[in-house]
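Visitor: What follows is a predicted structure for the sequence shown.
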Amino acid sequence: MRLSLRFLFPLALVLAALAYAVIPLVDSLTLKWFMKDLEIRAELVGRMVEGPLGDLLVSESKTKLAAYFNRIIQDERLFAIGFCDRNNRLLYKTFTYPDAITCEGTTTVLTGQTALVQLPRGAVHVSAVGIEGNSGPLGRLMLVHDMSWVQRRSSDTKRYLFYLFAVIGAVISSVTVLVAHLSWRGWVTGVRAMLRGEGFIALKKDKHHGPELQPVAKDLRALIHDLEADKRMRDESQLSWKPVTLKSILHDHLAGDEVLIVSNREPYIHNWKDGAIQVQVPASGVVTALEPIMRACSGVWIAHGNGSADRDVVDARGHVRVPPDAPSFDIRRVWITPEEEAGYYYGFANEGIWPLCHLAHVRPVFRSTDWQQYKEINERFALTVVEEAKTDNPVVLIQDFHLALVPKMVRDHLPNATIITFWHIPWPNPERYAICPWYVEILEGLLGSSILGFHTRFHCSNFINTVDRSLETRIDWDSSTISYGGKLTAVNPYPISIEWPSRALTHQPSVAECRRRIREMYALPPDHRVALGIERLTTRRASLNGFWPPNDSWSWSPSGLDGLRLSKLPRRAARRSRNMRCSSNK
């Protein structure tokens, strides 16, 4: 009962105030409408009697005029008629004509005018209609209408409005109380289910609440999220991580169960060797982190096909099933020409973005031609994602700095997709990042993601600070979320690494055998030292300085510099290798 009164009492006050304001307004509008109707009626009556009345006035037959006037006032609304001549004398009138309405004086009604006159018996409406004869104006006809019927209709209108508001109030009150009780029962049921440990996911996903209940729903979802997190932490040690378990978690916590991975590097490379096709598994953090997801969810991995036998093993749509021993997902290969790879990969990505983000002691190189290739290849990857998506809400996992524009491009085509992007290299401070001429386009591309991941919290902070300085956005620093263009992007740290020990090591020869093969391959004497650089363990990618040790490391054994040989360089660095060879000989 108390809940009902909380709704009914304010509703009754609002309806009473509304009726108090509306009824006088309706009464005034009704009076104006009736007055306009009487003016039109008076003009119509005057035009209709003008001909016969003119003849009777010329004949000066008082008997006929009196009889004619009496016939006219048989209308229940027309109370009296009088005629004023050109000298403002009241010559003829009906017996009902009020003495208060004269033909002269300041209160008289002139031709073409109307007036509302208050008499002891009530209000009357007076209209003066000009009468024309053959010789000119004869005078004016005074038509007096009774206004009592207007007052009666006004009273009826007020009564009907009162009844209308009463009925509306009763209906609205009933519906309001019913909805309130149903809503309250629904919330009580949901809270009881939550307290019993039931319905966590259903209540968390239910967002169809009224605006006034959104704060309560938000608090409930936050509480449920905390309870679920605690529950997962308690049960994680007992959880059996199997492909079925991983697939179930992805289905429950992400928008859909269709998973698409997009990366430049493919998880399995097919190469020709000694007339046969061999499968190579690259040592990559991307492969380590994401291949279990693909094995569990049977999705599609979209990647650049750069193996010498990649084209020979795919079908007409560029698909190949992997892993070879137990196929569980598809690779969709994207083909890139050597010229495109030189601009997109070796140029903009490796000579521009990579040293910029790693703070390497090498000037980042940005060319407009490389940027154009970068945009075109990113668009090619994005269109491939759209082509491979079977639903409008897939989970798209985009990897690394080679594909920074893909998130926004995919978002433009698939607005309901869950797009998760991981940036596998550091993110510099805003001042350093602004060196890139197209830094705004890259930020906008990454903010097309639902979730954007970095290795460390420090890199996340650098990215958020960069966005804050470069774009007009709303940033929630507590939750590390960015609102841009009406879309939210969560920025979080997710440390990953390469698989160690690698599965590939189980079939590799011993270290001594590898050392012997290298010396034999490059015709090195047994007493020459070999300096070996591993691409993914060095922080000087695409930098010639990366091939040099610290300045004083050779001081312990200067003879070690003799015969130092540089055996392989990145493609764009090859044209500068002559200078390095000259330096090494010194």
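Guide: Looks like it arrived, so ask away.

Visitor: three-state assignment of residue 369?
Guide: Recorded secondary structure, residue 369: helix (DSSP: H, G, I helix; E, B strand; the rest coil).

Visitor: Nearest spatial neighbour of it, chain-adjacent residues omitted?
Guide: The shortest distance from residue 369 to any non-neighbouring residue, by CB to CB, 6 or more residues apart in numbering, is to residue 343 (5.9 Å). Any C-beta I mention is one placed from the backbone N, CA and C, and that applies to glycine too.

Visitor: give me the beta-bridge partners of the residue nearest to residue 97 when sequence neighbours are not counted?
Guide: Closest residue to residue 97 apart from its sequence neighbours, by CB to CB, 6+ apart: residue 80 at 4.1 Å. For residue 80, the beta-bridge partners are residue 144 (DSSP bridges).

Visitor: Might you report the residue contacts of residue 80?
Guide: Residue 80 makes contacts with 73, 93, 94, 96, 97, 98, 144, as judged by CB atoms under 8 Å, 6 or more residues apart in numbering.

Visitor: how does it look with 10 Å?
Guide: Residue 80 makes contacts with 69, 72-73, 93-98, 101, 124, 126, 142-146, as judged by CB atoms under 10 Å, 6 or more residues apart in numbering.

Visitor: Likewise for residue 426?
Guide: Taking CB under 10 Å, 6+ apart as the criterion, residue 426 is in contact with 356, 357, 358, 359, 454, 455, 456, 458, 459, 462, 539.

Visitor: Tell me which entries of the residues you listed lie within strands.
Guide: Among the contacts of residue 426, the members falling in strands (DSSP state E) are residue 454.

Visitor: In terms of model confidence, name the weakest of the contacts of residue 426.
Guide: pLDDT across the contacts of residue 426 is lowest for residue 539, at 40.

Visitor: Which two among the contacts of residue 426 are spaced furthest apart?
Guide: For these, the farthest-apart pair by CB to CB is 356 and 456; their separation is 17.6 Å.

Visitor: more neighbours, these two?
Guide: Each of residue 356 and residue 456 has its neighbours counted (other CB atoms under 10 Å); residue 356 has more, 25 against 13.

Visitor: pretty sure that one is touching residue 363, no?
Guide: Yes - counting by CB atoms under 10 Å, residue 363 is a contact partner of residue 356 at 9.5 Å.

Visitor: Give me the buried subset of the contacts of residue 80.
Guide: 69, 72-73, 93-94, 97-98, 101, 124, 126, 142-146 (16 or more other CB atoms under 10 Å).

Visitor: Can you show me the strands along the stretch 151-300 of the chain?
Guide: 259-262, 269-273, 276-280, 300-304 (DSSP state E, counting those that start in this stretch).

Visitor: of all the ones you listed, which lies closest to residue 311?
Guide: Per CB to CB, nearest to residue 311 of those: strand 269-273, 8.8 Å.

Visitor: Show me the contact partners of the closest one.
Guide: Strand 269-273 is touched from outside by 277-282, 303, 305-314, 320, 322, 324, 331, 333, with contacts defined as CB under 10 Å, 6+ apart.

Visitor: So which bits of that strand are buried?
Guide: Residues 269, 270 are the ones in strand 269-273 that count as buried (16+ other CB under 10 Å).

Visitor: partner strands of it, parallel or antiparallel?
Guide: With DSSP bridges as the test, strand 269-273 is paired with strand 276-280 (antiparallel).

Visitor: where are the low-confidence patches of the stretch 151-300 of the chain?
Guide: Along the stretch 151-300 of the chain, the parts satisfying pLDDT under 70 run over 187, 190-218, 220-221, 225, 228-257, 283-285, 288.

Visitor: then stretch 477-488 to PDB, C-alphas only?
Guide: C-alpha atoms of stretch 477-488 as PDB (Å, rounded to 0.1, in the frame of the first residue of the first chain):
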ATOM      1  CA  TRP A 477      41.300   7.300 -15.700                       C
ATOM      2  CA  ASP A 478      40.000   5.000 -13.000                       C
ATOM      3  CA  SER A 479      38.800   2.300 -15.400                       C
ATOM      4  CA  SER A 480      41.300   3.100 -18.200                       C
ATOM      5  CA  THR A 481      38.500   3.600 -20.800                       C
ATOM      6  CA  ILE A 482      38.400   6.000 -23.600                       C
ATOM      7  CA  SER A 483      35.200   7.300 -25.300                       C
ATOM      8  CA  TYR A 484      35.700   8.500 -28.800                       C
ATOM      9  CA  GLY A 485      33.100   8.900 -31.500                       C
ATOM     10  CA  GLY A 486      30.500   7.300 -29.300                       C
ATOM     11  CA  LYS A 487      32.500   4.100 -28.800                       C
ATOM     12  CA  LEU A 488      34.300   2.900 -25.700                       C
END
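
Visitor: Tell me the buried residues in it?
Guide: Going by 16+ other CB under 10 Å, stretch 477-488 has these buried residues: 480, 481, 482, 484.

Visitor: For residue 11, state which of those is nearest.
Guide: residue 481 (39.3 Å).

Visitor: Distance check, the residue positioned nearest the centre of the chain against residue 267.
Guide: Nearest to the mean C-alpha position of the chain, counting by CA atoms, centre = their mean, stands residue 486 at 4.4 Å. Here the criterion is CB to CB, to the nearest Å. By it, residue 486 lies 35 Å from residue 267.

Visitor: Kindly report the same for residue 182.
Guide: According to CB to CB, residue 182 and residue 267 sit 53 Å apart.

Visitor: Could you give the number of residues near residue 328?
Guide: That count, for residue 328 with other CB under 10 Å as the rule, works out to 15.

Visitor: brain fart, residue 86
Guide: By the criterion of other CB under 10 Å, residue 86 has 10 neighbours.

Visitor: I'd say it and residue 138 touch.
Guide: Yes - using CB under 10 Å, residue 86 makes contact with residue 138 at a distance of 7.1 Å.

Visitor: can I assume residue 358 is in contact with residue 425?
Guide: Yes - contact between residue 358 and residue 425 holds when scored by CB under 10 Å: they sit 6.4 Å apart.

Visitor: pLDDT below threshold where in the stretch 351-500 of the chain?
Guide: For the stretch 351-500 of the chain, the stretches with pLDDT under 70 are 497-500.

Visitor: Of all the residues in the helix or strand hosting residue 124, which ones are buried?
Guide: Assigned by DSSP states H and E, residue 124 belongs to strand 122-133. By neighbour count with 16+ other CB under 10 Å, strand 122-133 contains the buried residues 124, 125, 126, 127, 128, 129, 131.

Visitor: how close does the residue nearest to the centre of the chain sit to residue 369?
Guide: Counting by CB to CB, the gap from residue 486 to residue 369 is 34 Å.

Visitor: One more: residue 346?
Guide: Relative to residue 369, and taking CB to CB, residue 346 is found at 12 Å.

Visitor: So for these two, which sits in the more crowded spot?
Guide: Counted by other CB under 10 Å, residue 346 and residue 369 do not tie: residue 346 has more neighbours, with 17 against 11.

Visitor: That one against residue 370, yeah?
Guide: Yes - between residue 346 and residue 370 a contact is recorded at 8.6 Å, counting by CB under 10 Å.

Visitor: secondary structure element for residue 448?
Guide: Applying DSSP H and E, one finds residue 448 in no helix or strand.

Visitor: Next, give phi and psi for it.
Guide: phi -80, psi 0 (degrees, to the nearest 10).

Visitor: Could you do residue 373 as well?
Guide: Dihedral angles (degrees, to the nearest 10) for residue 373: phi -60, psi -40.

Visitor: Excluding chain neighbours, what is closest to it?
Guide: The shortest distance from residue 373 to any residue other than its chain neighbours is 3.1 Å, reached at residue 343 (CB to CB, 6+ apart).

Visitor: so where do the strands sit in the stretch 301-450 of the chain?
Guide: 319-322, 329-334, 395-399, 418-422.

Visitor: name the helices or strands packed onto the third one?
Guide: The elements that strand 395-399 packs onto, with contact taken as 3 or more CB pairs under 10 Å, 6 or more residues apart in numbering; DSSP states H and E, are helix 243-253, strand 259-262, helix 285-297, strand 300-304, helix 368-388, helix 406-413, strand 418-422, strand 451-454.
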